[in-house]
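Colleague: Below: sequence and its predicted model.
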Amino acid sequence: MIQIALVDDNDFDRSELRKCLVRYEKENHVELKLTEFQDGEDIVTDYTAEYDLILLDIEMQFMNGMKAAEEIRRMDENVAIIFITNMPQYAISGYKVRAMDYMLKPISYFSFSETLNRALAHRNKQEAKYITISLKGGKVRVDVSKICYVEVQDHLLIYHTLDGNYIAKGRMRDLEEMLDPKRFFRCNRCYIVNLSYVENYQGNDLKVHGDLIQISRSRKKQFLDAMNIYINEL
């Protein structure tokens with residue numbers, strides 16, 4: 001399912017975009033979940049990083065689309081943003097918030113479908129590179145390549161990443177199935193390590209991004225094999 005947020009204070013424009021999405025869903029056999037907001041302020045309040053795509057009007061009464069995009073980017077680096085406007089000079093400055101594209105009003109279905117095709121193609125490329133972690137009070141989308149290692153403590157998963165630590169409920173078994181086995185290795189019951197951050201290996205200890213992690217004796221040979229394969233494929 002593809003999560004889409006539509007932010008526009010004009011009822012007619014939202015209705016027209018809703019029709020385009022319904023038609024696109026039927027013609028392309030995709031499942032879209034649409035959440036609608038009537039102002040930029042509405043989407044940034046209690047924002048959760050669950051959307052794949054945000055269709056964002058620029059001119060709105062309380063918080064305009066550009067300001068909303070700036071706020072969203074502070075909380076979500078990866079969501080695709082497409083501006084909707086009848087004033088292209090504003091949309092062009094969207095590079096500041098890494099907007100993917102913009103659509104001019106009135107929206108034609110042809111231009112809408114072409115833009116959505118590009119957005120979803122980008123999303124499919126990115127999908128394997130990110131995982132969404134459910135935190136208390138919201139969600140965060142994490143770049144898998146920035147995960148150094150994950151540990152489990154009292155039924156909680158602690159994600160040690162280059163951007164900081166995230167704590168969430170989860171099971172190691174489920175996480176292990178989501179991660180690329182060529183890059184990630186389960187070194188014992190409590191740890192999964194990213195092989196690209198392993199600095200050295202001595203005895204029963206791995207040094208992973210400055211931290212020491214024990215590897216179980218029964219997994220030493222498997223670890224060395226996995227490490228050799230990873231290095232050879234670089």
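Modeller: Arrived safely.
Colleague: from here on, contacts and neighbour counts on C-alpha atoms
Modeller: Fine.
Colleague: Domain parsing of this protein, as residue ranges.
Modeller: Per the record's domain assignment (automatic domain parsing), the chain is made up of the domains 2-127, 143-233.
Colleague: can the ones you listed go into CSV with extra columns for mean pLDDT?
Modeller: Putting the domains of the chain into CSV (pLDDT from 0 to 100) gives the following:
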stretch, mean pLDDT
domain 2-127, 86
domain 143-233, 90
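Colleague: To I133, which of those domains lies closest?
Modeller: Closest of those to I133 is domain 143-233, at 6.9 Å (criterion: CA to CA).
Colleague: tell me how far the closest one is from the chain's mean position?
Modeller: Domain 143-233 sits 21 Å away from the centroid of its parent chain (CA atoms, centre = their mean, to the nearest Å).
Colleague: need the domains of the chain in TSV with mean neighbour count and distance to S134, can you?
Modeller: Shown next, in TSV, are those (neighbours: other CA atoms under 10 Å; distance: least, CA to CA, whole Å):
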stretch	mean neighbour count	distance to S134
domain 2-127	17	9
domain 143-233	15	6
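Colleague: closest one to L135 among those domains?
Modeller: With CA to CA as the yardstick, what comes closest out of the domains of the chain is domain 143-233 (5.4 Å).
Colleague: separation between D76 and G210?
Modeller: Between D76 and G210 the distance is 27 Å, computed by CA to CA, to the nearest Å.
Colleague: Next: L17.
Modeller: In this view, L17 and G210 are 50 Å apart by CA to CA.
Colleague: ditto for S218
Modeller: Note on S218: its distance to G210, by CA to CA, is 24 Å.
Colleague: relative to its centroid, which residue of this protein is most remote?
Modeller: G203 (37.1 Å; CA atoms, centre = their mean).
Colleague: OK, contacts around that residue?
Modeller: For G203, the set of contacting residues under the criterion of CA atoms under 8 Å, 6 or more residues apart in numbering is empty.
Colleague: For the residue nearest to the spatial centre of the chain, which non-adjacent residue is spatially closest?
Modeller: The geometric centre of the chain, computed from its C-alpha atoms, lies nearest to R141 (CA atoms, centre = their mean), at 3.9 Å. The spatial neighbour of R141 that comes closest, neighbours along the chain excluded (CA to CA, 6 or more residues apart in numbering), is T132 at 4.3 Å.
Colleague: So what's the residue count around that neighbour?
Modeller: 13 (other CA atoms under 10 Å).
Colleague: which SS class is it?
Modeller: Following DSSP: H, G, I helix; E, B strand; the rest coil, T132 is assigned to strand.
Colleague: Pretty sure it sits against G138.
Modeller: No. In this structure, T132 is not within contact of G138 by CA atoms under 8 Å, at 10.3 Å.
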